[in-house]
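> sequence? don't have it. structure:
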Ligand code: PEP
Ligand code: MG
């Protein structure tokens, strides 16, 4: 084995070996340059460059993950907005070339939006696309394009939706210096079944062209390592036809629903309805909503379907709900808190969901995201009942709602734990923060013990509780959750088979034992290692 080994957080279980492809953008695209052309000529160059680049990006991303495509589309809409080109005009009049004026306009735009962390990360994505526009104008490659031949491990500080949308068959693995288990990179790699190690300090020091082993099971990257050095992926041999607890799918729209129906998922545990609207600039009408919910419900896999009402705000900006600037958006107006200012939309969404349930006859529960008080839950429950929805649940994403669960007896039909947000609020660690990946590690004892607490409280309420955060896609954690008494997990369609197989290979007694080991650990590494040792 070789000398260099980097540790990080593994995504997926399969290992991969390939040559390092460092994804860095040439500085030349960002240079400020002046032009001898007239401002009108440069304005027309800028308009053509934006249109051509946007069309190219739409083409390339046509086959990529639907969520990534939605995010890209939202970015392209900002870039194509004539307002932005208007903002570039004064710079063109001062003699700047089209790319320089575009970068300056984006800076001005970013300044208007303040220092909102999430927005700044979107600006970084926008600058990534602007770099490509600049490369087109100046005739230089904005960033090295990933070769279509060969076997590459993409190494970068972090990856934007634009970059992940360009992955083809030659990309076999990913290593990022930053990012965490719920970062965009991790979610996309999981969806594409690409092995990755994120939050790997020192990644950018890897040498282009050197061969590395990406070992997600071992949470490491090894220079010169071979597949035989990889931490053995656990093999689970099913002992029964059905998993110990129900495995459902997480979906964001029709395409995901169709994909999920081809897996062994028993229904849908989380339909993220906001994904339908990430690029919608006007509010969808009631009829439009009914039509899109009906097509998703019809395509979804057989079994129960849990729909979440719109969870906009923070990391999920939805243009038609003009949320405005917030100092601290993850702690701001998001999830069910939007019902206060956008009550009409909340009501129209519930009416549309009720109509879609009626039209399809599917067994559907509807839940609210981001609730933290008894009053919020009661008001959501009342709104659902007014709309004719009878199976009402909530997501468990805030520490406060766990404490008041006993006061919700008789109101709710189910609970679903969103470990992505629950982690960020338990640890006060932004889930998108590139440097806080370790605090958002789902093996953190603080998170595991909180999940266990929710199960105990749900037993007193006599209602089922599922987990629909990214953590459930880890087969070992799904076993730990089953041992806690969780009754269903919901995971990305690409993870359904691995999680179902793991859950079909263990007895309730083994799951219980795994959960006790996890609860006894005082660090994430210890929790993962002791549970793994049980099955390794
Ligand atoms: C979660 O928070 O765990 C969750 C499933 O919701 P989202 O990732 O959409 O915020
Ligand atoms: Mg959430």
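Sure thing, it's come through. Since the structure is predicted, the reported quantities are computational estimates derived from the model, not experimental observations. Ligands and ions are numbered 1, 2, ... in the order given.
> near ligand 1, which residues of the stretch 201-350 of the chain?
Proximity of the stretch 201-350 of the chain to ligand 1 (C-beta under 6 Å from any ligand atom) is limited to residues 270, 272, 311. The way it works is simple: take the backbone N, C-alpha and C, and place the C-beta from them, glycine included.
> do I have it right that the second one meets residue 250?
The one in question is residue 272. Yes - at 7.1 Å, residue 272 counts as touching residue 250 under the criterion of C-beta atoms under 8 Å.
> contacting residues around residue 381?
Residue 381 is in contact with 392, 411-412, counting by C-beta atoms under 8 Å, 6 or more residues apart in numbering.
> stretch 169-181 and ligand 1, any residue contact?
No - in terms of C-beta under 6 Å from any ligand atom, no part of stretch 169-181 sits within range of ligand 1; the closest distance is 10.9 Å.
> buried residues, that stretch. List them.
In terms of neighbour count (16 or more other C-beta atoms under 10 Å), stretch 169-181 has its buried residues at 171-181.
> repeat for stretch 435-445
Judged by neighbour count (16+ other C-beta under 10 Å), stretch 435-445 contains these buried residues: 436-437, 439-445.
> ok, back up a step: PyMOL command to pick out the buried ones of the contacts of residue 381?
This is the PyMOL syntax for the buried subset of the contacts of residue 381, where burial follows 16+ other C-beta under 10 Å:
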select buried, resi 392+411+412
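> would you mind splitting this protein into its domains for me?
Using automatic domain parsing, the domains assigned to the chain come out as 5-24+144-228, 27-138, 246-505.
> worst mean pLDDT among those?
Taking the mean pLDDT of each of the domains of the chain, the lowest value is held by domain 27-138, a mean of 84.
> can you give me the end-to-end span of it?
Separation of the first and last residues of domain 27-138 by C-alpha to C-alpha, to the nearest Å is 12 Å.
> about what we covered before: just flag the most distant two among the buried residues of stretch 169-181.
The span of the buried residues of stretch 169-181, defined through C-beta to C-beta, is set by 172 and 180 at 22.1 Å.
> ligand 1 contacts on the stretch 351-500 of the chain?
Selection of the stretch 351-500 of the chain residues close to ligand 1 by C-beta under 6 Å from any ligand atom yields 397, 418-421, 468-469.
> any idea where the helices of the stretch 351-500 of the chain begin and end?
Using DSSP state H, counting those that start in this stretch, the helices found in the stretch 351-500 of the chain span residues 374-387, 399-403, 419-426, 445-461, 475-484, 496-504.
> turn those into JSON lines, including distance to residue 6.
Formatted as JSON lines, the helices of the stretch 351-500 of the chain follow (distance: least, C-beta to C-beta, whole Å):
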{"stretch": "helix 374-387", "distance to residue 6": "43"}
{"stretch": "helix 399-403", "distance to residue 6": "33"}
{"stretch": "helix 419-426", "distance to residue 6": "23"}
{"stretch": "helix 445-461", "distance to residue 6": "25"}
{"stretch": "helix 475-484", "distance to residue 6": "22"}
{"stretch": "helix 496-504", "distance to residue 6": "25"}
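> deepest-packed of those helices, please.
Comparing those by mean neighbour count (mean count of other C-beta atoms under 10 Å), helix 475-484 comes out on top with a mean of 26.
> quick one: distance of stretch 86-103 to the chain centre.
Here stretch 86-103 is found 35 Å from its chain centre; the criterion is C-alpha atoms, centre = their mean, to the nearest Å.
> now it: buried residues?
Applying 16+ other C-beta under 10 Å to stretch 86-103 flags 87-89, 91-92, 95-103 as buried.
> show me the contact partners of that stretch.
Contacts of stretch 86-103 (C-beta under 8 Å, 6+ apart): 29-35, 37, 39, 42-43, 45-46, 49-50, 84, 104-105, 108-109, 127, 130, 133-134, 137-138.
> got the residues of the stretch 301-450 of the chain near ligand 2?
Counting by C-beta under 5 Å from the ion, the positions of the stretch 301-450 of the chain adjacent to ligand 2 are 418, 421.
> let's see 6 Å
369, 397, 418, 420-421 (C-beta under 6 Å from the ion).
> burial of the residue nearest to residue 267 when sequence neighbours are not counted, as a residue count?
Closest residue in space to residue 267, ignoring its immediate chain neighbours: residue 303 at 2.6 Å, by C-beta to C-beta, 6 or more residues apart in numbering. Here the number of neighbours of residue 303 (other C-beta atoms under 10 Å) works out to 17.
> surely residue 367 touches residue 305?
No - using C-beta under 8 Å, residue 367 is not in contact with residue 305; the gap is 11.1 Å.
> which one of residue 272 and residue 250 is surrounded by more residues?
Neighbour count, other C-beta under 10 Å: between residue 272 and residue 250, residue 250 has more, with 27 against 20.
> for ligand 1, what's the nearest residue on the stretch 151-300 of the chain?
Across the stretch 151-300 of the chain, the shortest distance to ligand 1 (C-beta to the nearest ligand atom) belongs to residue 272, at 5.2 Å.
> tell me how far that residue lies from residue 309.
10 Å (C-beta to C-beta, to the nearest Å).
> any common contacting residues for these two?
With C-beta under 8 Å, 6+ apart as the test, residue 272 and residue 309 reach no residue in common.
> spatially central, which residue of this structure would that be?
Centroid-nearest residue in the chain: residue 187, 4.7 Å away (criterion: C-alpha atoms, centre = their mean).
> do I have it right that it meets residue 71?
No - here residue 187 does not reach residue 71: they are 10.2 Å apart, not a contact under C-beta under 8 Å.
> and this protein, which of its residues are near ligand 2?
By the rule C-beta under 6 Å from the ion, the part of the chain lying against ligand 2 is 369, 397, 418, 420-421.
> with distance to residue 214 as extra columns, can I get these in TSV?
Putting the residues of the chain next to ligand 2 into TSV (distance: C-beta to C-beta, whole Å) gives the following:
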residue	distance to residue 214
369	33
397	31
418	28
420	23
421	28
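> which stretches of the stretch 101-250 of the chain form helices?
Under DSSP H, counting those that start in this stretch, the stretch 101-250 of the chain gives helices at 117-138, 161-164, 184-191.
> minimum distance to residue 298: which of those helices has it?
helix 184-191 (22.6 Å).
> that closest one versus helix 419-426: what angle between them?
For helix 184-191 against helix 419-426, the angle by axes from the mean of the first three to the mean of the last three C-alpha atoms, to 10 degrees is 150 degrees.
> how long is stretch 488-506 end to end?
The first-to-last residue distance of stretch 488-506 comes to 15 Å (C-alpha to C-alpha).
> typo on my end, stretch 71-89
This stretch, stretch 71-89, spans 27 Å end to end (C-alpha to C-alpha).
> for it, list every residue counted as buried.
Applying 16+ other C-beta under 10 Å to stretch 71-89 flags 71-76, 78-79, 84-85, 87-89 as buried.
> which one of the residues you listed sits closest to ligand 2?
Closest approach between the buried residues of stretch 71-89 and ligand 2, by C-beta to the ion: residue 71, at 16.0 Å.
> from what I see, the closest one and residue 165 are in contact.
No - contact status for residue 71 versus residue 165: not in contact, 9.1 Å apart, counting by C-beta under 8 Å.
> the more surrounded of residue 367 and residue 305?
When residue 367 is set against residue 305 and neighbours are counted by other C-beta under 10 Å, the residue ahead is residue 367, at 29 against 26.
> can you tell me which residues contact the more buried one?
Residue 367 neighbours (C-beta under 8 Å, 6+ apart): 306-309, 392-395, 414, 416.
> likewise for residue 498?
By C-beta under 8 Å, 6+ apart, the residues touching residue 498 are 13, 473, 475.
> and it, how close does it get to ligand 1?
Residue 498 sits 18 Å away from ligand 1, going by C-beta to the nearest ligand atom, to the nearest Å.
> also residue 497?
Taking C-beta to the nearest ligand atom as the measure, residue 497 falls 20 Å from ligand 1.
> correct me, but that residue touches residue 262?
No - using C-beta under 8 Å, residue 497 is not in contact with residue 262, being 10.5 Å away.
> which residue does the stretch 1-150 of the chain have closest to ligand 1?
Closest point on the stretch 1-150 of the chain to ligand 1, by C-beta to the nearest ligand atom, is residue 67, at 10.0 Å.
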